Structure formats: structure tokens, C-alpha cells
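> Provide a 3D model corresponding to the input given below.
(one chain, ligands or ions: 2)
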Amino acid sequence: MDYIKITGGKPLCGSICVQGSKNAVLPSLAAAILNKGTTVLHNCPNLSDVKVTLEILKFLGCKIKRENDTVTVDASVITNNYIPNELMNKMRSSIIFMGAIIARAGEASMSFPGGCELGPRPIDLHLKALKTLGVEIEESHGYINCRLKKMQNKSVHLDFPSVGATENIMLFASLSNGKTTICNAAREPEIEDLQNFLNDMGAKISGAGSSNIEIEGVESFHDCEHTVISDRIAAATYLCGTAVSGGETELENVCPEHFCAVTSALAECGAKIKTGEDKIYIKAPEVINKIDIIRTMPYPGFPTDAQSVMMSVLAYANGTSIIKENIFEQRFKTAGELAKMGADISVDGKVAVIKGVKSLTGASVYACDLRSGAALVVASLAANGESRVYNTHFIDRGYQSLAEDFKNLGADIERIYQ
Ligand SMILES: CC(=O)N[C@H]1[C@@H](OP(=O)(O)OP(=O)(O)OC[C@H]2O[C@@H](n3ccc(=O)[nH]c3=O)[C@H](O)[C@@H]2O)O[C@H](CO)[C@@H](O)[C@@H]1O
Ligand SMILES: C=C(OP(=O)(O)O)C(=O)O
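Ligands and ions are numbered 1, 2, ... in the order given. This next block holds a predicted model:
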């Protein structure tokens, strides 16, 4: 089994360029099927989730070309409007194809999406919104069959600002002859990037980044090129790695305003942070201060995706910190693995109490999901002795070169292929 081997104790230093955003590139690739032509996306990270998305696009009939971080999707001809379970269950984001395929083909059929196990991840909000907009939906033998009856001009209210549901509605409604308003839309930067990309293709969407998004449907799209935004969670991971290691690093190709919640938490821990337009510098604190409480929230609150790497930082703090996880029910599995390294963390439902310890000890640990893998690597960077982080396939979903990046910053780290 592959693993990442880390011998802790080396302060990180130097600078690295942060990859393109997983959560921005996935919906944008799905959106490419809305254009009966060629779409070029730059800054596409090389991730296993991106590979699955490209497989889905090929299955639908698209021609794909990848040159370094540029992906070209030719969706002139679509030959399928369904996605088999083998592709759907490989990741959560496969559900974003639903809105896009219905918009392009009038009907779509697919099974439920898969992905990391973070507790229940229903898709009721996606389905309810599409029904409101005139899509007939029935479930049969594990497949969801959707057919557009008549596009309704409607306002859709989301009971929770779901990122995926907001994206699905945007994709569906942008290629139609109606006007749609999304109320209580997700405000994540990836939603704004999707709006910018769709508008580059000829859509008429406004309001992304706020809770109300207005979509004026258009009849067709045109070819375009778009550069995907930088990955704010990867950036948060490198910042947390630097904070525990005691070093100082600079990240390039970032948008610091997208992860203010993380940088203010790290500043509260005592890290020195300086931001430029597309750069961020961090100097680790000599002693990591505890944080009374961090609550994960939809953007611009503290991102659930950065919760695990932050837990690794607080495991080394000079007191007791609390994390309240409000988005996913089972996102504290990392705590059990950190305990193998000597961390003192107790979990009760949505709350984790982290009693900081002076040092952790290297151990063999298992990533339980994507960010858990990143968190275990971060914790290992400062642990005494050697750690082995297994289940690297989770890490590959969201980081194109986690071990290599930390190595370039001076860590004693290596990916072992077996
Ligand atoms: C590919 C991608 O962009 N993934 C991100 C996206 O996931 P994803 O789009 O799946 O996350 P959502 O914002 O939809 O989910 C947030 C919460 O809403 C619940 N919910 C969601 C939809 C629904 O129909 N019903 C329902 O109850 C979920 O179970 C969860 O508790 O946003 C999450 C929250 O910021 C991030 O952690 C993921 O990294
Ligand atoms: C939960 C995540 O992603 P996904 O929604 O793709 O599972 C994540 O990026 O941490």
C-alpha cells in the first residue's frame, strides 16, 4: 500500500506555487458540456477527482485534451445523457453533471454520487430545486431519472446554502429561456468562479458571492478560455504545515481574501502573516496559542475543509481549544489517528476538545478522508521521529503534489509507491 513517509522536526522555509482549486475546476468541467463547441480551462490541477470528471465527460461523448494544466473539452457532440454508477460513485461532485446534462439534453439519468464518508450527504436540495424549475424526477433501481417538462421562471429558495445545489441550479438555469433567482445561495469563491466562467461562455448570471444569484437563461453558449482560481484549502494546508513546523514560507498564486477565516485563526495562534495581492507569507509562532473556539460555517465562515488541518495545529497548542463542526457529522475521524501520535483530543458529537501537548510522536496512521490525510501529514511534520500516512488515494483526490510541495519547502518527506 502506498504511503507518505515523514520524519518530523524540520522547519519549513521557501516558497511554492499553489495548485488550481479542486472545488472550482470540477463544476467548471461539468459546465463545459453546456457549450456545443470547445472550451479551454487553464490552471486545472492534476487530481484523481479531475481524472474521474474527465472520464465522465468522455463517457458523455466529449473529446478531451490535456496539456500540463490546460484541459480542452470539445462538447460539440454528446452521445449519452446518463452516467453509470461506476463513475458516479467515485466522487461527490459527479452530481453537478445533473443540471448540466438536463440543460443540454432535456433529460438525464444517473445514480447517487459517492465520495469521502463525512456522514450523510443527501441531495434533496438539488432535487427539490430542479423540480421547482420544471424538471420531473423519479427514482428507480438506484437511478435518478430526470426529464425537463417545461422550464419555469422561478425563484428557488435553498433551506441551506449548499455549494453543490447552487452550482447545479446555475448550470441548469443558465441554458434555458427563463429567469431564475437563487435565494440563500452558497457564497463560496468557487461559486463566483463558476459564474465568471459561465459568463465568459455567454451566460447572463449576476450576484454570485452574495446570497442572491440571478440567472437570465440564454439559448446557446460560445467557445471560451478560463483560468480556474487557486485552491484556498490547499493554501490553508501549507499554512498549517508551516505553523506547526516552526518555519516561515511564502505561497504564490493564491487569493488571500478567500481564506481570511483560516489566516485569522492562525494569527490568533500567534503566527505572523503578511498578504500581497496573490501571495501570502507566514512565520510560525514560537509557541502555538490555543483558540477558545472555531466553528465551521458556510463561506465566509471557517471552512469545514480546513477544519482537520487546523486540528493538527491546535494539537500542538499551549492550552485547550474547541472545534465545533457544523457542516459534516463525521468529520472528526482524524482525531483517533492523531491520538495514535499522542494527541489529546476528545470528541462528543459536533464538538472536539483539543488539549494541546508539547510534542507528538511519529506513528503509522490512516487517512480517513481527503482532509484527514492532509491533517495527518501536517501533524507529522512536527512530530518526533518517523510517521507513515496510509490511504494516500484520499489525498490524491484533492492535492496534486502534497508530499513534493512540502519537500520543496524543506520537509523530510517522501511518497512511497508500492
Ligand atoms: C466539490 C465541492 O465543491 N465540494 C465541497 C462542497 O461539497 P457539497 O456541495 O457536497 O456541500 P454542500 O454545501 O452541498 O453541503 C453542506 C451541507 O448541506 C447538506 N446538504 C447538501 C445538499 C443537499 O441536497 N442536502 C443537504 O442536506 C450536506 O449534507 C452538508 O451537511 O461544499 C462543502 C461545504 O463547504 C465542502 O466541504 C466540499 O469540499
Ligand atoms: C469534502 C470535500 O470534497 P468533496 O465534496 O468533493 O467530497 C473536500 O474537498 O474536503
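> What distance do you get for the residue in the stretch 151-300 of the chain that ligand 2 sits nearest to to F97?
Residue nearest to ligand 2 within the stretch 151-300 of the chain (C-beta to the nearest ligand atom): I233, separated by 6.2 Å. Using the backbone N, CA and C atoms, a C-beta is placed for each residue, glycine as well. Per C-beta to C-beta, to the nearest Å, I233 is found 22 Å from F97.
> of the two, who's got more company?
Taking neighbours as other C-beta atoms under 10 Å, I233 and F97 compare with F97 leading, 30 against 23.
> What sits closest to that one if chain neighbours are left out?
With sequence-adjacent residues excluded and distances taken as C-beta to C-beta, 6 or more residues apart in numbering, F97 is closest to A30, at 4.9 Å.
> Also G20?
N43 (3.6 Å).
> got the contact list for N408?
G14, I16 (C-beta atoms under 8 Å, 6 or more residues apart in numbering).
> before we move on, back to that, mind checking what secondary structure the residue nearest to F97 has?
What DSSP: H, G, I helix; E, B strand; the rest coil gives for A30 is helix.
> wait, isn't it in contact with A103?
No: taking contacts as C-beta atoms under 8 Å, A30 lies outside contact range of A103: 10.5 Å.
> any shared contact partners between those two?
What both A30 and A103 touch, as defined by C-beta under 8 Å, 6+ apart, is the set L171.
> ok, those two, which is more surrounded?
Just comparing A30 and A103: by other C-beta under 10 Å the higher neighbour count belongs to A30, 27 against 22.
> From ligand 1, how far off is that one?
10 Å (C-beta to the nearest ligand atom, to the nearest Å).
> How about N177?
Where ligand 1 is concerned, N177 sits at a distance of 26 Å (C-beta to the nearest ligand atom).
> Now that residue: closest residue in space that isn't a chain neighbour?
With C-beta to C-beta, 6+ apart, the residue lying closest to N177 is G217, at 5.3 Å.
> Look at that neighbour and report its pLDDT.
pLDDT for G217: 95.
> Could you list the residues of the chain in contact with ligand 2?
Applying C-beta under 6 Å from any ligand atom, we find that the chain lies next to ligand 2 at K22, M91, R92, S93, G115, C116, D305, L370, R371, G398.
> Which of the helices or strands spans I102?
helix 97-105 (DSSP states H and E).
> And S220, by the same measure?
Applying DSSP H and E, one finds S220 in no helix or strand.
> neighbours around it, how many?
11.
> got a list of what it touches?
Residues in contact with S220 (C-beta under 8 Å, 6+ apart) are K36, L175, G202.
> what's the burial count for the first one?
In this case it means K36. K36, neighbours per other C-beta under 10 Å, totals 15.
> Might you report the residue contacts of the closest residue to ligand 2 within the stretch 301-418 of the chain?
Across the stretch 301-418 of the chain, the shortest distance to ligand 2 (C-beta to the nearest ligand atom) belongs to D305, at 3.9 Å. By C-beta under 8 Å, 6+ apart, the contact set of D305 is N23, I233, A236, R371.
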